[in-house]
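1. I need the structure of the sequence given here:
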Amino acid sequence: MFPHRLTDSRAYAIAQAMLDGFNRHYRLFSETNREAKRRFEQADWHGQQRAQRERIEFYDKRVEEAVERLQREFNTASLEDDTWQQVKLHYIGLLVNHHQPELAETFFNSVTTKILHHSYFRNDFIFVRPAVSTEYIENDEPASLPTYRAYYPTRDSLRETLLRIVDNFQLQRPFADLGRDIDAVLAALRQHVGDNVRLRANFQIQVLSSMFFRNKGGYIIGKIVNGFAETPFALPVLHNDSGQLYIDAALFAEDDLLMLFSFARAYFMVDMEIPSAYVQFLRSLMPRKPRNEIYSALGLQKQGKNNFYRDFLYHLRHSSDMFGIAPGIKGMVMLVFDLPSFPYVFKVIKDFYPPQKDTTREGIKSKYLLVKTHDRVGRMADTLEYASVAFPRHRISEELLAELQHFCPSQIETDGDSLVIKHVYIERRMIPLNIYLQDATPEQMAHAVVEYGNAIKDLVAANIFPGDMLWKNFGVTRHGKVVFYDYDEIEYITDCNFRRVPAPRNEEDEMSGEIWYSVGPKDVFPETFEPFLLGNPAVRQVFMKHHADLLDAAFWQGHKERIKAGHVHDVFPYEQHKRFAHTRASSATM
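-> Residues are numbered from 1 along each chain as shown. Have a look, this model is predicted:
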């Protein structure tokens with residue numbers, strides 16, 4: 001229970017110190033996001049990638065700073081429970097008029113759980129449930145932008161309104177032919193909604209005030225409101241070879257937006273004073289998208305983690321099925337389990353590995369961190385990383401418990417009625433590609449094999465060598481995209497040495513079952529992939545038709561040389577046929 005009186009004079013100062021730490025974090029986070037517009041205008045793609053990587057590290061640095069300050073100034077390790085409860089009450093009071101209260105609550109949790117034992121991870125001491133509402137928060141500063149701008153065109157002024165929408169972002173680089181692009185947007189809109197749509201009295205276009213930046217693209221995002229009908233849209237803005245801007249496509253379907261905000265893509269950079277308002281607006285465009293994934297897509301991955309965990313606890317309370325070993329081939333370094341009613345999988349690093357896996361726990365964690373900070377190009381699943389997660393013991397199957405005790409004894413401990421896992425990764429559940437292919441129709445099989453090759457090529461272009469390319473390490477999303485999710489052997493393409501298998505020196509070499517040539521630790525022989533991947537004749541036929549170049553060292557070495565020369569890859573988060581006809585031949589990229 002909370003104390004009735006605030007009696008400890010230190011409690012307010014501790015709460016203020018924690019909020020100071022969060023405010024510093026969000027100020028630095030926002031400065032990086034604001035600079036994304038300048039980097040986009042200057043085509044500073046390497047700077048954009050560097051900023052995206054560095055921004056991910058901001059949060060943990062600020063948390064460590066706050067923990068160090070609290071321990072230094074207040075000796076927080078010695079505080080009594082009553083004082084910690086008072087700290088939380090004061091903190092709630094400080095958030096009443098705050099513009100990012102939900103993020104500040106999460107920061108409080110992050111700092112507090114670094115100091116307290118996990119037995120204190122309950123609502124008396126941390127924000128298991130949110131305490132401050134994020135509804136209707138407004139930025140009252142006179143010069144501030146609203147979350148979105150509303151435009152009220154007539155049928156005759158729609159073109160001019162769209163031109164004004166783009167112009168209002170004041171991009172400091174000219175468009176090649178904005179009028180042509182707007183005409184293409186209008187044509188795509190008519191094709192989507194029909195030519196004879198009746199405009200209602202409250203017809204309006206709502207556009208988020210800040211552009212969304214990622215990799216080599218900027219996105220204008222909003223919705224068209226016509227009576228009770230709402231049409232979401234996103235307009236990707238790119239650079240052409242001459243450095244001029246153009247609109248590459250007009251995306252109007254919810255599925256298009258879901259692909260744009262996919263969990264397999266890097267986080268956006270968005271300048272937003274009130275993130276909860278952006279999340280609410282985006283959820284109106286993508287009602288099927290979980291709130292936690294939207295927060296993560298906006299670069300607020302710690303808030304995404306917090307929201308996810310709340311959803312997880314809520315789901316546990318309203319379900320009764322058992323945690324068990326996940327379907328598919330068991331991994332050599334990861335123990336993977338799931339809850340059938342929950343669309344995620346849980347991955348725990350094993351304590352020991354077979355001899356062919358020359359790795360360590362820290363090495364595996366470094367690979368997952370690499371993926372977190374790298375451009376995932378729509379082909380690598382995002383992971384949520386947690387420490388000290390308590391699972392209800394009675395919900396864990398005996399089979400799973402036995403596997404955890406055998407493979408991961410250092411990672412589990414019993415705490416009352418809970419089994420605590422000290423370190424776990426959580427990912428979106430997908431159908432393993434090897435299982436998908438077993439039950440696929442010929443058409444589905446062909447599509448999946450083509451997608452598999454496309455996924456590898458996208459990873460290659462992003463400077464990622466998957467390492468273990470077996471079908472079981474890829475999954476199929478509900479949109480039919482193939483995504484990689486086994487990261488313990490990934491390397492940068494630029495760190496690998498791609499070679500052809502040398503010709504046998506003599507008949508003895510040719511007949512030998514042993515390798516007769518030297519192999520370095522980073523050597524890769526693409527032609528040796530074939531026996532492991534293409535045993536099925538039907539799969540082999542499709543693969544060789546579309547992706548035979550993946551078996552050629554020259555393909556890999558060529559990409560390596562391009563990347564080392566400074567080329568930034570071209571990846572579009574929408575299908576090629578969505579691009580405007582006049583832009584498809586362009587070499588402009590995202």
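2. how about the strands in the stretch 401-550 of the chain?
-> Chain-ordered strands for the stretch 401-550 of the chain, with DSSP state E, counting those that start in this stretch as the definition, fall at 412-415, 418-428, 431-432, 464-465, 474-476, 482-484, 491-492, 497-498, 523-524.
3. who wins for proximity to Glu273 among the ones you listed?
-> The closest of the strands of the stretch 401-550 of the chain to Glu273 is strand 418-428. By CB to CB, the value is 29.9 Å. Where C-beta positions appear, they are placed from N, C-alpha and C, glycine not excepted.
4. how far away from the center of its chain is the biggest helix by length in the chain?
-> Using DSSP state H, we find that the single longest helix of the chain is helix 9-41. Centroid displacement of helix 9-41 relative to its chain, using CA atoms, centre = their mean, to the nearest Å, is 22 Å.
5. mind listing what's buried in that helix?
-> Along helix 9-41, the positions that meet the burial threshold by neighbour count (16 or more other CB atoms under 10 Å) are 11-12, 14-15, 17-19, 21-22, 25-26, 28-30, 32-33, 35-37, 39-41.
6. and it, what other elements does it pack with?
-> helix 45-74, helix 81-94, helix 101-115, strand 212-214 (3 or more CB pairs under 8 Å, 6 or more residues apart in numbering; DSSP states H and E).
7. highest mean neighbour count out of those?
-> When you average the neighbours per residue for each of these (mean count of other CB atoms under 10 Å), strand 212-214 leads with a mean of 24.
8. tell me who's in contact with Gly21.
-> Taking CB atoms under 8 Å, 6 or more residues apart in numbering as the criterion, Gly21 is in contact with 62-63, 65-66, 69, 107, 111.
9. from Leu533, how far off is the residue lying closest to Asn473 once chain neighbours are set aside?
-> By the measure of CB to CB, 6 or more residues apart in numbering, the closest residue to Asn473 outside its immediate chain neighbours is Asp486, 3.7 Å from it. For Asp486, the distance to Leu533 equals 15 Å [CB to CB, to the nearest Å].
10. so Leu335 sits in a strand?
-> Yes - assessed with DSSP: H, G, I helix; E, B strand; the rest coil, Leu335 lies in a strand.
11. burial count for it?
-> Applying the criterion other CB atoms under 10 Å, we find 23 residues in the vicinity of Leu335.
12. coming back round to it: farthest-apart pair in the contacts of Gly21, please.
-> When CB to CB is used, the two most widely separated members of those are Arg69 and Phe107, lying 13.1 Å apart.
13. assumed Gln150 was part of a helix.
-> You called it Gln, but residue 150 is Ala. No - assessed with three-state DSSP, Ala150 is strand; it does not lie in a helix.
14. I figured it hits Gln204, correct?
-> Yes - using CB atoms under 8 Å, Ala150 and Gln204 qualify as a contacting pair, with a distance of 5.2 Å.
15. more neighbours, those two?
-> Between Ala150 and Gln204, counting by other CB under 10 Å, Gln204 is the more crowded of the two (15 against 11).
16. Provide a list of residue ranges in the chain with pLDDT below threshold.
-> Screening the chain residue by residue with the criterion pLDDT under 70, one finds the ranges 1-4, 118-122, 196, 506, 509-513, 584-590.
17. so where do the strands sit in the stretch 201-350 of the chain?
-> In the stretch 201-350 of the chain, the segments counted as strands under DSSP E, counting those that start in this stretch are 204-208, 212-214, 217-226, 229-239, 245-247, 324-325, 334-338, 344-349.
18. Val197 is nearest to which of the ones you listed?
-> If you check each of the strands of the stretch 201-350 of the chain against Val197 by CB to CB, strand 217-226 wins as the nearest, at 6.9 Å.
19. neighbouring contacts of that closest one?
-> Counting by CB under 8 Å, 6+ apart, strand 217-226 makes contact with 37, 40, 148, 165-166, 169, 171, 189, 197, 199-200, 202-208, 211-213, 230-238, 248, 260, 268, 282, 284-285, 590, all of which sit outside it.
20. likewise stretch 193-202?
-> Where contact means CB under 8 Å, 6+ apart, the residues beyond stretch 193-202 that reach it are 154-155, 225-227, 231, 252.
21. which one of the residues you listed is nearest Val482?
-> Distance ranking of the contacts of stretch 193-202 against Val482, using CB to CB, places Phe252 first at 25.0 Å.
22. would you mind measuring from the closest one to Arg164?
-> 20 Å.
23. likewise for Pro526?
-> Here Pro526 is placed at a distance of 52 Å from Arg164 (CB to CB).
24. so those two - more neighbours on which side?
-> Here Pro526 and Arg164 are set side by side on neighbour count (other CB under 10 Å), and the busier one is Pro526, at 20 against 13.
25. pull the contacting residues for that one.
-> By CB under 8 Å, 6+ apart, the contact list for Pro526 reads 498, 550-553, 555-556.
26. one step back: of the contacts of strand 217-226, just the buried ones, ChimeraX syntax please.
-> Per 16+ other CB under 10 Å, the buried members of the contacts of strand 217-226 correspond to this ChimeraX selection:
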select :37,40,148,165,166,171,189,197,203,205,206,207,208,211,212,213,231,232,233,234,235,236,237,238,248,260,268,282,285,590
